[in-house]
Each structure stands twice: as structure tokens, then as C-alpha cells.
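>>> With the sequence up front, the predicted model follows.
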Amino acid sequence: MLRAQRREADQLRIASKLQPSKRLETIKKYAKEQKIPIEIVEKTSLNKLANGHQGVALRVAAYPYSDIGQMLSLAKERGENPFLLLLDTLQDPQNLGSLLRSAEAVGVHGVILPHRHTATVTPAVVNVSAGASEHLLISQQNLAQAINLLKDENVWIIGLDGSNETPLLDQAKLTGSLAIVVGSEGEGMRKLVRESCDLLVRIPMHGQIESLNAAVAGSVVLYLASQGRKASSTH
């Protein structure tokens, strides 16, 4: 978060008796460079703020959500076709954080969340994403409208669906301008979002379980799409 400098920060709290480490020294260095006050506190006071804090807590402003225009501009700046991830009412912060981490790792230009009934970028999500949320452009808006806007920009919309009637993922051409849509953990994509997709795909399952959870399934598709885009750009 300190490295990304996406948000204003006004206080860094560090637990007393925290073991010295290279990571801790790096955090202190960034804080001093950005003139952020450092306070040494009892570990119990950090426990009241969050679980899994690892002895360090940074007080920052609210997450700065972006818009689709910024995402498309980022793709243009990089000289790449747009590559986006849309998450339809994903509920679990753990799944959201994991997908944000995957999205950042494969070079996604932006992630779009709906306005309501969804996990958002909370401290828990930031933690699970290993800070990837701070390096991503994330937007909240009506997903059906976002899909229509992306279609106007010639972005191909691919929805991840678990139905047995859905074509297998390996039959899809994952190249060019893409937006991958992942539905909620229990219900999948909502009807309007599902019907707005250009193509629905499912991941072939060869083991005894019937499906993967949303974060794993979405990460698999993101990785394959990333590889397909790279292969097509070299030809």
C-alpha cells in the first residue's frame, strides 16, 4: 500500500517488541519518505483494529475507485488490447482478494464490481490480495451497462458458467480484447448479466468434484486468457 501510493495515509502503527526484519525496515523507509507519522503501540491495540495484522497497521483514506474510461486508457498506454475482469455479486472477501491478486499478476487493466450485493475493497480484501488491490483500477457500476459500454469498444465478453450445456473453455478463442465475467459463489451470474455475454464457457472437470470455487475458476480462466493473448500478439 505504501509502495503503490494510491491512497493518502496519516499514521503507521507498529507493535512494540516486533521482531526486526527487512520487510519492517522497508515499511518504515516508505513511511519516512512519505512523511507518515510512526507510532509504536501495544500489540493488543492492533488486535482491536484487524485480524492478521502481523504487527503493522496503516491508517489510510477510503479506496479510490476508478471508471472504465481509465481502464481503457491504461490498456492504450501499454499498447495492449483491453483485458478486464467483471465480478457479478461475489460475496466472499477471500474470493475477491484472491481474484484481485490473480488479476494483477496476469496484467488485467481493470476490475469491475456491481454497485450492490457484492464484497468490496475492505482491509480484509487488501490483505488477501497481498496488496494487489492497490495496484489495480477497480470500478463499481451497473454490470449490464458496463458490458454494453465494453461491447461498444469491441471488447469480447466471456462469462464463466458451470452448466453442462455450456461449451468447454478449451473450445474458446481467448485472444484480443477480452472481459472475463465471474459470477457469485452460489448462484453464478445473474440472468441479465449472463444473457449479455458474447460467449459462455465452462472449465472441463476430470476429477471427482463437480466444480471449482469462484476464485480458483476465475484465476484459471484469467491465466489461460493471458497466455492466449500473449501467443496471439507474437504472431
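In hand now; what should we look at? In this text, all values refer to a predicted model and were calculated from it rather than measured experimentally. Numbers count the residues shown, from 1 in each chain.

>>> Can you name the residues that contact the closest residue to residue 228 other than its chain neighbours?
Nearest residue to residue 228 in three dimensions, chain neighbours excluded: residue 174, at 3.5 Å (C-beta to C-beta, 6 or more residues apart in numbering). Placement of C-beta: from N, CA and C, glycine included. Applying C-beta atoms under 8 Å, 6 or more residues apart in numbering, one finds that residue 174 lies in contact with 158, 221, 224, 225, 227, 228, 229.

>>> next one: residue 66
Counting by C-beta under 8 Å, 6+ apart, residue 66 makes contact with 110, 137, 138, 139.

>>> what does residue 72 give?
Taking C-beta under 8 Å, 6+ apart as the contact definition, residue 72 lies against 82, 109, 153.

>>> is it fair to say it lies in a helix?
Yes: for residue 72, which was evaluated using DSSP: H, G, I helix; E, B strand; the rest coil, the result is membership in a helix.

>>> Could you check how far it is from residue 148?
Residue 72 is 14 Å from residue 148, where distance means C-beta to C-beta, to the nearest Å.

>>> what about the protein, any weak spots by pLDDT?
50-52, 208-210, 234-235 (pLDDT under 70).

>>> Show me how it divides into domains.
9-60, 68-233 (automatic domain parsing).

>>> Highest mean neighbour count out of those domains?
Most buried of the domains of the chain by mean neighbour count (mean count of other C-beta atoms under 10 Å) is domain 68-233; its value is a mean of 18.

>>> so where's the longest helix in this protein?
Ranked by number of residues, the top helix in the chain under DSSP state H is helix 214-233.

>>> So for residue 1, which of the domains of the chain sits nearest?
Evaluated over those, closeness to residue 1 peaks at domain 68-233, with 5.0 Å, by C-beta to C-beta.

>>> and residue 115, what does it touch?
Under the criterion of C-beta under 8 Å, 6+ apart, the neighbours of residue 115 are 140, 141, 142.

>>> For the residue nearest the centre of the chain, which non-adjacent residue is spatially closest?
Central residue check for the chain by C-alpha atoms, centre = their mean: the C-alpha nearest the mean position is that of residue 100, 2.0 Å away. Excluding the flanking residues, the one nearest residue 100 by C-beta to C-beta, 6+ apart is residue 129, at 4.1 Å.

>>> dump the residue contacts of the one you found.
Listed by C-beta under 8 Å, 6+ apart, the contact partners of residue 129 are 96, 97, 98, 100, 101, 104.

>>> quick one, strands of the protein?
Using DSSP state E, the strands found in the chain span residues 9-15, 38-41, 56-60, 83-87, 110-113, 138-140, 156-160, 178-182, 199-201.

>>> Columns distance to residue 25 on top of the ones you listed, output as JSON lines?
Converted to JSON lines, the strands of the chain look like this (distance: least, C-beta to C-beta, whole Å):
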{"stretch": "strand 9-15", "distance to residue 25": "11"}
{"stretch": "strand 38-41", "distance to residue 25": "12"}
{"stretch": "strand 56-60", "distance to residue 25": "12"}
{"stretch": "strand 83-87", "distance to residue 25": "34"}
{"stretch": "strand 110-113", "distance to residue 25": "32"}
{"stretch": "strand 138-140", "distance to residue 25": "30"}
{"stretch": "strand 156-160", "distance to residue 25": "42"}
{"stretch": "strand 178-182", "distance to residue 25": "38"}
{"stretch": "strand 199-201", "distance to residue 25": "46"}
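
>>> so which of those comes closest to residue 123?
The minimum distance between residue 123 and the strands of the chain falls on strand 56-60, with 8.8 Å, by C-beta to C-beta.
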